[in-house]
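[1] generate a structure from the sequence data that follows.
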Amino acid sequence: MNQGAQKYLVERLMVARDRPAQIEVLQWRQQMLVGFGGAIEALRAADAMDSDEVHEWNNRMHVALGLEPLDPLPPGFKGARAVFIGEGERPVTPPPTPIARFLELIPVKNADRSVPYGGRLQILGIERYDSKVAVAWRMAPLPDSETQYAGELRAHDRDTEGLPENERMMLRQRFLHKVNRPAGFKLTLADDLGTEYRSTGGGSSGGGDEQTGRAQFMPGIPQAASMLTVRWDDLDFGVSIGEP
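    Got it, this is the predicted structure:
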């Protein structure tokens, strides 16, 4: 395989390993497999790949998408085969978010906590509205991505074998940049009344060794609630709340 074709396929694998949170997993797998399969067919038609390389790179895409590797096809097989990509339903589209009235900014005690791989997370405050809640957060320093994504990096380094070293380093840095960004959807909320809070989006930005973000939820905090729990993965922040 020539290096131009390999570089293109590596970039497709990088994209596949970083599914956007708003895209359902089955939709993402279907989208990635269709595009990758078309690229593979074009490269094979141009004699840029042999049959062994086609099978190998198709398997790499399947593994990148969390699927089992494919069994080899019989010699001379030229037909199509069905591929199982999992079961599930697309998420229900949430209702439009109403215009909310700001009530107060609730401070968080003991808001600076360590997270795995050397990072630290700070919950900057809880924005209380009449019909929603927003959590402002900051992560500094960021977790060590070389350790956190060691398995993915090994697979990525294998994918780029044979490319010029400067190309490999550039692609590696691009991959690390894509995965090394905390996302607001990791946050969940709960309170002492058992209210079911639904995520309605958010965002984050930053650079260097710092990232800040904001996550929104509905409904608003009930007036009778006295304790809110902000959870980031397995890390819990207890927040005392009172009357607005």
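
[2] quick one: mean pLDDT for the longest helix along the chain?
    For the chain, the helix with the greatest residue count under DSSP state H is helix 25-45. Averaging pLDDT along helix 25-45 gives 88.

[3] quick one: buried residues of that helix?
    W28, R29, M32, L33, F36, A39, I40, L43 (16 or more other Cβ atoms under 10 Å). Heads up, the C-betas are built off the backbone N, CA and C, glycines and all.

[4] do the same with stretch 217-236
    Residues of stretch 217-236 classed as buried: F217, M218, G220, I221, A225, L228, V230, W232 (neighbour count, 16+ other Cβ under 10 Å).

[5] just stretch 137-152 next, same as before
    Buried, per 16+ other Cβ under 10 Å, within stretch 137-152: W137, R138, M139, L142, P143, S145, Q148, Y149, E152.

[6] just the terminal-to-terminal distance for it.
    Start-to-end span of stretch 137-152 (Cα to Cα, to the nearest Å) is 27 Å.

[7] and that stretch, how far from the chain's centre?
    With Cα atoms, centre = their mean, to the nearest Å as the basis, stretch 137-152 stands 13 Å off its chain's centre.

[8] shaky segments in the chain?
    Where the chain drops to pLDDT under 70, the residues are 73-94, 97-98, 180-185, 242-244.

[9] residue ranges for the strands of it, please.
    102-106, 112-115, 119-129, 133-139, 187-191, 198-207, 210-218, 227-232, 235-240 (DSSP state E).

[10] could you say which of those is packed most deeply?
    Each of the strands of the chain was scored by mean neighbour count; the highest is strand 133-139, a mean of 22, by mean count of other Cβ atoms under 10 Å.

[11] the longest helix of the chain - contacts with which helices or strands?
    Based on contacts counted as 3 or more Cβ pairs under 8 Å, 6 or more residues apart in numbering; DSSP states H and E, the elements that helix 25-45 packs against are helix 3-16, helix 51-64.

[12] now do that helix against helix 3-16, angle only.
    170 degrees (axes from the mean of the first three to the mean of the last three Cα atoms, to 10 degrees).

[13] CA atoms of helix 25-45 as PDB?
    Taking C-alpha atoms only, helix 25-45 is exported to PDB below (Å, rounded to 0.1, in the frame of the first residue of the first chain):
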ATOM      1  CA  VAL A  25     -23.500   4.500  18.400                       C
ATOM      2  CA  LEU A  26     -25.300   2.500  15.700                       C
ATOM      3  CA  GLN A  27     -25.800   5.500  13.500                       C
ATOM      4  CA  TRP A  28     -22.100   6.300  13.900                       C
ATOM      5  CA  ARG A  29     -21.000   2.700  13.100                       C
ATOM      6  CA  GLN A  30     -23.100   2.700  10.000                       C
ATOM      7  CA  GLN A  31     -21.900   6.000   8.900                       C
ATOM      8  CA  MET A  32     -18.200   5.100   9.400                       C
ATOM      9  CA  LEU A  33     -18.500   1.700   7.800                       C
ATOM     10  CA  VAL A  34     -20.200   2.900   4.700                       C
ATOM     11  CA  GLY A  35     -17.600   5.700   4.100                       C
ATOM     12  CA  PHE A  36     -14.700   3.400   4.900                       C
ATOM     13  CA  GLY A  37     -16.000   0.600   2.700                       C
ATOM     14  CA  GLY A  38     -16.300   3.000  -0.200                       C
ATOM     15  CA  ALA A  39     -12.800   4.200   0.300                       C
ATOM     16  CA  ILE A  40     -11.500   0.600   0.500                       C
ATOM     17  CA  GLU A  41     -13.300  -0.400  -2.700                       C
ATOM     18  CA  ALA A  42     -11.800   2.700  -4.500                       C
ATOM     19  CA  LEU A  43      -8.300   1.800  -3.400                       C
ATOM     20  CA  ARG A  44      -8.700  -1.800  -4.400                       C
ATOM     21  CA  ALA A  45     -10.000  -0.800  -7.800                       C
END
